[in-house]
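Student: heads up, no residue letters with this:
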């Protein structure tokens, strides 16, 4: 049976204790903060490297931590609707600080990109 990430309960995996790690969410009452694991992954460490350095963690701890973060962010990500940008630079008034955006739009036009854009 497949469970929806929105209905999963992470309380048995992620704990918050005021006297431990400044009240930051930790994994299974250990002194390993969820943010630490996220940071190690963001820095490029593999699951195997993390498990080698912290044998008290399990592969399931890491995966469920990732699932918990995804579940929290999912509603926000799924409701994003980026605005379409004009490719024709004459459709907007530009100031000096827009230089990067102007160059980006010129580059999109050169590539022939039209998804997420309007005008020609």
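Tutor: Everything's here; your move. Because the structure is predicted, anything quoted here is derived from the model rather than measured.
Student: just the strands in the chain please.
Tutor: 14-15, 26-27, 85-86, 117-118 (DSSP state E).
Student: which of the ones you listed sits most buried?
Tutor: Ranked by mean neighbour count, those are led by strand 26-27 with a mean of 22 (mean count of other C-beta atoms under 10 Å). In this view, the C-beta of every residue, glycine as well, is placed from N, C-alpha and C.
Student: list the contacts of that strand.
Tutor: 13-17, 20, 32-34, 37, 57, 61, 65 (C-beta atoms under 8 Å, 6 or more residues apart in numbering).
Student: rerun that using 7 Å as the cut-off
Tutor: 13, 14, 15, 20, 32, 33, 34, 37, 57, 61, 65 (C-beta atoms under 7 Å, 6 or more residues apart in numbering).
Student: just these: which are in helices?
Tutor: Secondary structure defined by DSSP state H assigns 34, 37, 61, 65 of the contacts of strand 26-27 to helices.
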